[in-house]
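A.B. asks: Sequence first, predicted coordinates after that:
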Amino acid sequence: MICLRDVHGAVRVFFNTCPHRGALICRQDAGVARTFQCFYHAWTFNTEGEIVGIPDRGGYPASMDWENLGLREPAGVEIYRGLVFVHFSKQRESLVDYLSPLLELMDLTLDSADVLGGWEVLAGSSVYQFKANWKLMIENSIDNYHFDTVHETYKQYIGDSNKRLGGHGLEFKEERRGFAAGKGHGGFTMWPSRTARALAVAAESWSDEERAQIDQIRAKLFERFGKERGLRMAEQSRSILIFPNLMFQDSGTGFRLRQIEPIDADLTEVRQWELAPRNEPLLLRRRRLEGARAFLGPGGFASPDDLEAVESCQLGFRATEVQWSDISRGSQSDAPKDTEELQIRNFWREWQACLDAPTPVFSLGASS
Amino acid sequence: MSEPLSARVAAFLAREAWLLDNWRLDDWLALVTDDIRYVVPATDCPDGDADNSVVFINDDITLLRARVKRLQSRHAHREYPASRTRRFITNILAEQADDGSVHLTASFQVYRFRLRRTAVYVGWYEMTLLPDGDTFKIRTRRATLDQEALDEHGAVSIIL
């Protein structure tokens, strides 16, 4: 797809497919253009998707409906706080209704960068594939039960280097929760953070200058959003699955969006972007990136082992005599923990409901 | 009397490739300086500034030691059991500055085999070597991948 701002500044999304004979209209990953010309037969479109040029137009019948030969758009495009979502189905609720069970948590993150000029997406993304079904990575992404077992080497590395600065005046009683919101959304939260957090919790090992910058940001958060909300922005880690396959992670290691895209039954692509406050001090920007690389980067100390786990599951399930995963952990829990599996059951129940729906909930292409 | 620079640099690169391929990681670590900087940029941002954009790896000596320690642990699941690798380092262009330091570029192909799957990392090195007796130590190493994404690799779980 092509996502752009048209000449009037409005966000638009088009299928990157020439309505003439199907070639890609845009063959650059990013850039600036006033028109898009298909290289195949030079049909040309403006930023609003209208057709503005056709070589040898006289060769077509006079009855041609040129207005309907503009770039095709998906069924819907909606924006929440700068995040652009595309719908492929015409039968749907509004984006805000769809996200409503998550908005309180999402807004904590989205608002928090206001004290530093708002969020920006950093250059450089992590794009990688693995040989396993996408749903295994969804499970992995909202499962904190595996953290202590799989990520032993990460924990060793982090060890003392990233331990939080003693207390910040908080009474330290960590609360770690798994949650299932409606519509398949869910995840886990941890609060206050045991380790440094990119926006506003310093580690013991950081310099005086870095600590002073963190103190300033905390003060601004409390001033602008009040002590209670400001503290949650600073201290709470939020790993959120936006059903079915977008991770919204504001963790100790930064804030990232992570798309988990199925390519085939046993092949998945991850596309991952790091976000940072526009006016973040450079020293803290470095700390943020250091944390992001160490944990969830493809060259980090944790992510490669997650891939190993989900690929291992895919191989294990080749034994078709073993048909089921067990995700009953915490099923009798009154206060679900992050290391329980409520959020995973919640995902699978919604997925099952989608499969059982009389009309397909997810379909390929732009069918109406 | 001494061998030409190009031969000494090629011998050094062959030696360190051999150590990495044979998982002699502590011996390899002895070939880097204490102010080492080892960077692997993101595939879609090969010129990325490690301080202000996403790169896959940006190790100083502390992180590189931690990486080696991790790779020697049986908890580095992506590399336990360890993959087999084979490195081909070619097209070496080296220049020596007045202070004796060597700046080089070279092409690499690193094959990784594991669980009956093959991934090839293709790219180029930009390195600074400092003279160390009649051999060198690595002071900077930037391993830029030519691949557009980590399609067959999933991760950069070995040292490039």
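C.D. replies: Cool, got the structure.

A.B. asks: burial of B:Phe136, as a residue count?
C.D. replies: 25 (other Cβ atoms under 10 Å in any protein chain shown). C-betas here are computed from N, CA, C, even on glycine.

A.B. asks: ok, now A:Ala212?
C.D. replies: For A:Ala212, the count of nearby residues is 12 (other Cβ under 10 Å).

A.B. asks: So what touches stretch B:66-74?
C.D. replies: Residues outside stretch B:66-74 that contact it (Cβ atoms under 8 Å, 6 or more residues apart in numbering or on different chains): A:152-153, A:156-157, A:301, B:23, B:25-26, B:28-29, B:59, B:76, B:79-80, B:82, B:158-159.

A.B. asks: average pLDDT for stretch B:150-160?
C.D. replies: For stretch B:150-160, mean pLDDT is 98.

A.B. asks: mind listing the helices in chain B by residue range?
C.D. replies: Using DSSP state H, the helices found in chain B span residues B:5-21, B:25-29, B:61-71.

A.B. asks: Quick one: closest of these to A:Glu120.
C.D. replies: helix B:61-71 (25.6 Å; Cβ to Cβ).

A.B. asks: C-alpha coordinates for that closest one, PDB please?
C.D. replies: Extracted C-alpha coordinates of helix B:61-71, given in PDB (Å, rounded to 0.1, in the frame of the first residue of the first chain):
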ATOM      1  CA  ILE B  61      33.700  -3.500  24.900                       C
ATOM      2  CA  THR B  62      31.300  -4.200  27.800                       C
ATOM      3  CA  LEU B  63      28.500  -5.200  25.500                       C
ATOM      4  CA  LEU B  64      30.800  -7.200  23.200                       C
ATOM      5  CA  ARG B  65      32.100  -9.100  26.200                       C
ATOM      6  CA  ALA B  66      28.500  -9.700  27.300                       C
ATOM      7  CA  ARG B  67      27.700 -10.900  23.800                       C
ATOM      8  CA  VAL B  68      30.500 -13.400  23.900                       C
ATOM      9  CA  LYS B  69      29.500 -14.600  27.300                       C
ATOM     10  CA  ARG B  70      26.000 -15.000  26.100                       C
ATOM     11  CA  LEU B  71      27.100 -17.000  23.100                       C
END
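
A.B. asks: got the buried residues for it?
C.D. replies: Residues B:Leu63, B:Leu64, B:Arg65, B:Ala66, B:Arg67, B:Val68, B:Lys69, B:Arg70, B:Leu71 are the ones in helix B:61-71 that count as buried (16 or more other Cβ atoms under 10 Å in any protein chain shown).

A.B. asks: want to try a markdown table for the residues you listed, with pLDDT as columns?
C.D. replies: Formatted as a markdown table, the buried residues of helix B:61-71 follow (pLDDT from 0 to 100):
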| residue | pLDDT |
| --- | --- |
| B:Leu63 | 93 |
| B:Leu64 | 96 |
| B:Arg65 | 95 |
| B:Ala66 | 94 |
| B:Arg67 | 96 |
| B:Val68 | 97 |
| B:Lys69 | 95 |
| B:Arg70 | 95 |
| B:Leu71 | 97 |
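
A.B. asks: biggest separation within these, which pair?
C.D. replies: Those two in those that are separated most widely, counting by Cβ to Cβ, are B:Leu63 and B:Leu71, at 12.5 Å.

A.B. asks: Quick check: neighbours shared by the two?
C.D. replies: By Cβ under 8 Å, 6+ apart, B:Leu63 and B:Leu71 have no common neighbours.

A.B. asks: Residues of chain B that sit close to chain A?
C.D. replies: B:40-45, B:48, B:50-58, B:63, B:66-67, B:69-70, B:73, B:75-79, B:115, B:117, B:149-157 (Cβ under 8 Å from any Cβ of the partner chain).

A.B. asks: Inside strands: which ones of those residues?
C.D. replies: Among the residues of chain B next to chain A, DSSP state E puts B:Val40, B:Pro41, B:Val55, B:Phe56, B:Ile57, B:Asn58, B:Arg117 in strands.

A.B. asks: Of the residues you listed, grab the buried ones for ChimeraX.
C.D. replies: Of those, the buried ones can be selected in ChimeraX as follows, counting by 16+ other Cβ under 10 Å:
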select /B:40,41,55,56,57,58
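
A.B. asks: related to what we said a few turns ago, and which of the buried residues of helix B:61-71 is nearest to B:Arg8?
C.D. replies: Here the nearest of these to B:Arg8, counting by Cβ to Cβ, is B:Leu64; it sits at 23.7 Å.

A.B. asks: Let me know the pLDDT of A:Glu174.
C.D. replies: A:Glu174 carries a pLDDT score of 79 in this model.

A.B. asks: Can you tell me, leaving aside adjacent residues, what's nearest to it?
C.D. replies: Spatially, and ignoring its direct neighbours in sequence, A:Glu174 is nearest to A:Arg194 (6.2 Å; Cβ to Cβ, 6 or more residues apart in numbering or on different chains).

A.B. asks: Against chain B, how distant is the one you found?
C.D. replies: According to Cβ to the nearest Cβ, to the nearest Å, A:Arg194 and chain B sit 19 Å apart.

A.B. asks: was I right about A:Tyr80 contacting A:Leu99?
C.D. replies: Yes: A:Tyr80 lies in contact with A:Leu99 (Cβ atoms under 8 Å); the separation is 6.3 Å.

A.B. asks: So the two - more neighbours on which side?
C.D. replies: In terms of neighbours (other Cβ under 10 Å), A:Leu99 is the more surrounded of A:Tyr80 and A:Leu99; the figures are 22 against 16.

A.B. asks: Helix, strand, or coil at that one?
C.D. replies: Using DSSP: H, G, I helix; E, B strand; the rest coil, the structure places A:Leu99 in helix.

A.B. asks: Am I right that it is in contact with A:Asp107?
C.D. replies: No: the criterion here is Cβ under 8 Å, and A:Leu99 misses it with A:Asp107 at 10.1 Å.

A.B. asks: For the spatially closest residue to A:His87 that is not a sequence neighbour, give me its contacts.
C.D. replies: Spatial nearest neighbour of A:His87, chain neighbours left out: A:Gly76 (3.7 Å); criterion: Cβ to Cβ, 6+ apart. A:Gly76 makes contact with A:Val86, A:His87, A:Lys90, A:Arg92, according to Cβ under 8 Å, 6+ apart.

A.B. asks: check whether stretch A:244-253 contacts chain B.
C.D. replies: No: using Cβ under 8 Å from any Cβ, stretch A:244-253 stays clear of chain B, with a minimum separation of 12.3 Å.

A.B. asks: How far away from the center of its chain is that stretch?
C.D. replies: 5 Å (Cα atoms, centre = their mean, to the nearest Å).

A.B. asks: Ok, stretch B:149-160 next?
C.D. replies: With Cα atoms, centre = their mean as the basis, stretch B:149-160 stands 13 Å off its chain's centre.

A.B. asks: That one spans what distance, first to last residue?
C.D. replies: Stretch B:149-160 stretches 16 Å from its first residue to its last (Cα to Cα, to the nearest Å).

A.B. asks: got the buried residues for it?
C.D. replies: Using 16+ other Cβ under 10 Å as the test for burial, stretch B:149-160 gives B:Ala149, B:Leu150, B:Asp151, B:His153, B:Gly154, B:Ala155, B:Val156, B:Ser157, B:Ile158, B:Ile159, B:Leu160.

A.B. asks: Report the beta-bridge partner residues of A:Arg238.
C.D. replies: Per DSSP bridges, the residues bridged to A:Arg238 are A:Thr189, A:Asp250.

A.B. asks: so it sits right up against A:Phe255, yeah?
C.D. replies: No: judged on Cβ under 8 Å, A:Arg238 makes no contact with A:Phe255 at a distance of 9.2 Å.

A.B. asks: what sits in contact with each of these two?
C.D. replies: Taking Cβ under 8 Å, 6+ apart as the criterion, A:Arg238 and A:Phe255 both touch A:Thr109, A:Gln249.
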